[in-house]
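J.: Structure, please.
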Amino acid sequence: MARKRAGQGGDAGPAGGSGRDAGRTLRGDHGPVRYGPPAHDPGLPVLPELAQVLAAAAGRGEPEPTGGGDALREAAAGYWTRRGLRGGPEHIAAAPGASPLLLALIAAHGGDVLMPRPCPANWIPQARLLGRPAYHVPTPAECGGVPDPYALLETVRRVRAEGGRPRLLLISVVDDPTATVAPPELVREACEAAVAEGMHIVSDETWRDTLHRPHDVLLSPAEMCPDDVTVVCDLAGALTPATWPVAVARFPATARAAVRHARTLDVLTALGALVAGPVAAAAAHALREPEPVVARVRRAAELQAQVAAAAHRAVLASGALARPPQAGRHLYADLGPLRSRLATRGVTDSLELEEYLTERLGAPAPGGHRFGDELGALRVRLGTGPLLGSTPEQQTESLTAVEPLELPHVARALSIFATALSELR
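T.: Presented below is the predicted three-dimensional model:
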């Protein structure tokens, strides 16, 4: 049987969209990568203590070594040790952002890549750039980020029958874009299925510190399959501003992982992907988790939980669908039930929905096609950061208020959000 190439097939076929997506020419100013979704807007000012650390290191002239200096890697090792993942700094690699780190990790592994549908927007482009076949696997109804174990096994079987070599599985236990948290039993079953099929797992845990209910049980796949999981964290999820790009990876303590670690560093070297010195200093400080950082992370999660819950109520009131957001600063809405009303406004797919809601809300509303969903599905990721205020003063007030939803600027933003959706009923 001839092997399918990227851009063909559905959930069991290579990532890249449906036949309808592949046959449509996107406008030059709406390319799938160059004009993809921006980084999540936290809607909050930079923590003053981190700004002071960055400023104090601004005169530093020497570059960080490839993979990060000792201070950054030791801080990252300590961060994961406090979460039950012990290991030394020799098992850590850092890069200037999640995208170059993921690119290096995929390059360090041979074979085809599997990922859930939907998935973070920066996953598919990395595999495409390397010319690596990437296949979507359906997720269960209750959450995103982790594939259904039976669908995973069926996809592996089909890929192999077509001549493929499934070697790498990307998952996100705390998921972007769906803002859901996968239950531990699902994570275990999916990871055990992947490992039994000879696959390595990359677990993106960028959003693990943004749980809306901090006492929820969250287990890393690396706790379940310690020799077969590399953990990745983009610090912009909870610890540092997106404008200070830094991400870290934790490799297993095995001989095979050491080889992949070395390959990853080779790729980062070839890319010139070095963390800026001042950013490394601020990132290391954040990873050590002093009390001001911990307090900001906790309070930001509490605030985002309240605003996301209000946004979720507005989505459901409009007749659209969305899983209750459990983490992060966004939710993933399915406006399929409103298809007929959207059609009267010229909205028939997720690209047009993105354009319509971005203009109507005055904030980015990336469509589901950015995350590997079918173009014809009317899904969209809606950020909650823009609802917290348009100035640092308003954002700080939102962060410190006892009842942030009662603040005039938050209430007004939520009203605009709800109105844009209710018009479609």
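J.: CA only for contacts and neighbour counts going forward, please
T.: Noted.
J.: In this structure, where's the longest helix?
T.: helix 291-317 (DSSP state H).
J.: average model confidence for the helix or strand that comes right after it?
T.: Later in the chain than helix 291-317, the nearest helix or strand by DSSP states H and E is strand 321-322. The average pLDDT within strand 321-322 is 97.
J.: roughly how far is the strand or helix carrying residue 113 from the heart of the chain?
T.: In the assignment (DSSP H and E), residue 113 maps to strand 112-117. Relative to its chain's centre, strand 112-117 lies at 14 Å (CA atoms, centre = their mean, to the nearest Å).
J.: what helices or strands is that strand leaning on?
T.: Here strand 112-117 touches strand 134-138, strand 166-171, going by 3 or more CA pairs under 8 Å, 6 or more residues apart in numbering; DSSP states H and E.
J.: which strands and helices sit next to the longest helix of the chain?
T.: On a contact count with 3+ CA pairs under 8 Å, 6+ apart, helix 291-317 meets strand 321-322, strand 330-334, helix 392-400, helix 408-422.
J.: Specify the angle between the last one and helix 392-400 in degrees.
T.: For helix 408-422 against helix 392-400, the angle between stretch directions is 90 degrees (axes from the mean of the first three to the mean of the last three CA atoms, to 10 degrees).
J.: what do you get for the second one?
T.: Between strand 330-334 and helix 392-400, the angle formed by their directions is 90 degrees, by the same axes, to 10 degrees.
J.: quick check: mean pLDDT across strand 330-334?
T.: 97.
J.: Check what contacts that strand and list those residues.
T.: Applying CA atoms under 8 Å, 6 or more residues apart in numbering, the contact partners of strand 330-334 are 177-179, 308, 312, 315, 320-325, 377-385.
J.: And the helices in the stretch 51-200 of the chain?
T.: Here the stretch 51-200 of the chain has its helices, by DSSP state H, counting those that start in this stretch, at 70-81, 98-108, 123-129, 149-161, 184-196.
J.: mind listing what's buried in the first one?
T.: Meaning helix 70-81. Buried residues in helix 70-81, defined by neighbour count with 16 or more other CA atoms under 10 Å: 72-80.
J.: Which single one of those residues is nearest to residue 98?
T.: For the buried residues of helix 70-81, the residue nearest residue 98 by CA to CA is residue 76; the value is 14.7 Å.
J.: Disregarding residues adjacent in the polypeptide, which is nearest to the closest one?
T.: Nearest residue to residue 76, sequence neighbours excluded (CA to CA, 6 or more residues apart in numbering): residue 287, at 5.9 Å.
J.: Contact partners for that neighbour?
T.: Taking CA under 8 Å, 6+ apart, one finds 75-76, 78-79, 239 in contact with residue 287.
J.: how near is residue 50 to residue 241?
T.: Per CA to CA, to the nearest Å, residue 50 is found 9 Å from residue 241.
J.: Repeat that for residue 271.
T.: From residue 271 to residue 241 the distance is 23 Å (CA to CA).
J.: Looking at the two now, which is surrounded by more residues?
T.: More neighbours surround residue 241 than the other of residue 271 and residue 241, with 22 against 12 (other CA atoms under 10 Å).
J.: part of a strand, is that one?
T.: No. Applying DSSP: H, G, I helix; E, B strand; the rest coil, one finds residue 241 to be coil, outside a strand.
J.: out of everything not next to it in sequence, what's closest to the residue nearest the centre of the chain?
T.: In the chain, the centroid-proximal residue (CA atoms, centre = their mean) is residue 176; its distance is 4.0 Å. Using CA to CA, 6+ apart and skipping residues adjacent in sequence, the residue nearest residue 176 is residue 120, 5.4 Å away.
J.: again with residue 269
T.: Residue 269 sits nearest to residue 66 (CA to CA, 6+ apart), 6.1 Å away.
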